[in-house]
Every structure is written in structure tokens, then in C-alpha cells.
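# just a sequence and a predicted model for now, questions to come.
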Amino acid sequence: MKIGELSKLTGLTASRIRFYESAGLLLAVARQANGYRDYAPETASMLEIIDSAQRAGFSLEQIRHLLPLGDGSWNHEELLVALKAKVAEIEVLQKRLKQNKAQLLVAIDSIESRPDGIECADNRMRVLNRLRGKGVVATRRKPARDA
């Protein structure tokens with residue numbers, strides 16, 4: 001099939017398909033006598049896998065190592081290790097995002113509930129103290145003394 005057909009089928013732009021090919025993520029494609037690329041039907045599923053992996057956070061280099069070998073077989077052990085590692089990365093990111101969200105919500109609440117007549121500098125300390133009290137911001141460390 002031509003690149004335009006493949007583009008419509010996968011939802012990827014022709015330039016992105018050509019990029020994946022030039023990056024070595026797709027096998028070299030045969031060209032017709034008129035110079036057009038002639039993609040095999042299974043290229044669509046390979047592009048879906050590449051696109052899906054990229055959206056999941058895998059780099060192109062990681063994807064290159066996870067794709068099927070030349071004979072079309074997958075290295076299942078390596079694939080499982082990479083997938084589990086990505087899940088672990090996502091869990092760490094989720095935890096950090098949850099902490100960031102909590103910090104922002106405490107800050108928003110603290111700013112919105114600012115007592116009337118309080119000076120900005122005093123309110124800043126009040127907000128920081130609330131954040132520290134909620135365990136969202138680390139307490140200030142005392143500077144080390146020179147010996």
C-alpha cells in the first residue's frame with residue numbers, strides 16, 4: 001500500500017511514517033518502479049505498536065530494542081522487563097504528581113483563606129507554615145556550623 005493509504009489507516013502523518021522508517025523502526029520498504037514506497041499490510045500494526053509505545057513514554061531507542069527481531073519474533077523476556085520498568089516509572093511519577101497536587105491545593109487554600117489585614121510577608125510565612133504542617137514542604141534545615 002502507498003504511504004497515503006497507510007497514513008489514513010493509522011492516523012499518522014506521512015512524514016512521521018517516513019521518520020520511523022529512517023530511524024530504523026520499520027524495515028526498509030520496497031519501492032515501485034515509479035519510486036513510490038510499497039508498504040506491506042502488517043506495517044500498519046507495527047506503526048500502531050511504535051506509536052503506542054511512544055505515547056507510553058518509551059524513547060525511540062528503547063522502542064527499537066523492543067520491536068520484533070528480523071525473523072518477526074519478539075524477545076518476550078526483554079519486553080516484559082521493559083514494560084514492568086515503565087510501569088514502575090509511571091508509579092513514581094504518579095506519586096510525585098500526587099505530592100505536587102497536594103502542595104498546590106494547600107497553597108491555593110492558604111492563599112484564598114488569607115486573613116484580612118495580614119501583610120504579604122506574614123502571609124507568605126503563614127502559607128509556608130501550613131505547607132510544612134501538612135508535610136508537603138520540608139522543614140527548614142539549620143545551617144551546618146563550621147568546625
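Okay, I see it.
# please make it C-alpha for all contacts and neighbour counts, starting now.
Fine.
# buried residues, the lengthiest helix in the chain. List them.
Longest helix in the chain, counting residues (DSSP state H): helix 76-112. Neighbour-count burial for helix 76-112 flags 79, 82, 83, 102, 103, 106, 107, 110 (criterion: 16 or more other Cα atoms under 10 Å).
# could you work out the most separated pair of these?
79 and 110 (46.3 Å; Cα to Cα).
# okay, now the unreliable bits of the protein?
Scanning the chain for pLDDT under 70 picks out 69-71, 134-147.
# can you give me the helices in it?
Under DSSP H, the chain gives helices at 3-10, 14-22, 42-55, 60-66, 76-112, 120-133.
# quick check: which of those is nearest to residue 36?
Proximity of the helices of the chain to residue 36 was assessed by Cα to Cα; the nearest stretch is helix 3-10, lying at 8.2 Å.
# so what does that closest one touch, helix or strand wise?
Contacts defined by 3 or more Cα pairs under 8 Å, 6 or more residues apart in numbering; DSSP states H and E place helix 3-10 against helix 14-22, helix 42-55.
# angle of it against helix 14-22?
On the basis of axes from the mean of the first three to the mean of the last three Cα atoms, to 10 degrees, helix 3-10 is oriented at 100 degrees to helix 14-22.
# quick one: buried residues of helix 3-10?
Buried residues in helix 3-10, counting neighbours by 16+ other Cα under 10 Å, are found at 3, 6, 7, 10.
# what residue lies at the spatial centre of the chain?
Closest residue to the average C-alpha location of the chain: residue 57 at 3.6 Å, with Cα atoms, centre = their mean.
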